[in-house]
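> this one's structure only:
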């Protein structure tokens, strides 16, 4: 069934689809990237970001309950509950890419806009986080 919602546009400062990660977003420096959004779902309440290494089926970062905003700044602090982001919760601090020397991996950010706030603890596993609102 087709919906009538405009396509969510996610931009990530300094990152390009298929490009290399700038050093500041790698594990060496540990800065999380800046995200900007266009066409946010008008009934949206929170944003979820999941960052994975697709070559190793490894999760690098999960952050949820970010209040709807058009710009999420880079270098989110390591705190479990992020009061400067409306009490957003992250499972662990951002861990940027760190593939073995001479190897390239494929990384993916998934961004979800939800119409609710998730009531889950910060030690949740990725599959359980997704089950909170997806049918999987």
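Received it, and whenever you're ready, just let me know what you need. Every value quoted in this text rests on a predicted model; they were computed, and no experiment measured them.
> Go through this structure and flag its longest strand.
In the chain, assigned by DSSP state E, the strand with the most residues is strand 58-67.
> which helices and strands sit right next to that one?
Judged by 3 or more Cβ pairs under 8 Å, 6 or more residues apart in numbering; DSSP states H and E, strand 58-67 is in contact with strand 46-53, strand 88-90, helix 126-131. Where C-beta positions appear, they are placed from N, C-alpha and C, glycine not excepted.
> Give me the phi and psi for the closest residue in space to residue 55 that isn't next to it in sequence.
Nearest residue to residue 55, sequence neighbours excluded (Cβ to Cβ, 6 or more residues apart in numbering): residue 105, at 4.2 Å. Torsion angles at residue 105 (phi, psi; degrees, to the nearest 10) stand at phi -120, psi 160.
> Compute the number of surrounding residues for residue 105.
Using other Cβ atoms under 10 Å, the number of residues around residue 105 comes to 14.
> ok, it to residue 99 distance?
Relative to residue 99, residue 105 is positioned 4 Å away (Cβ to Cβ, to the nearest Å).
> shared neighbours, those two?
Counting by Cβ atoms under 8 Å, 6 or more residues apart in numbering, the residues touching both residue 105 and residue 99 are 53, 55.
> Geometrically speaking, which residue is the centre of this protein?
By Cα atoms, centre = their mean, the mean C-alpha position of the chain lies nearest to residue 49, the distance being 2.1 Å.
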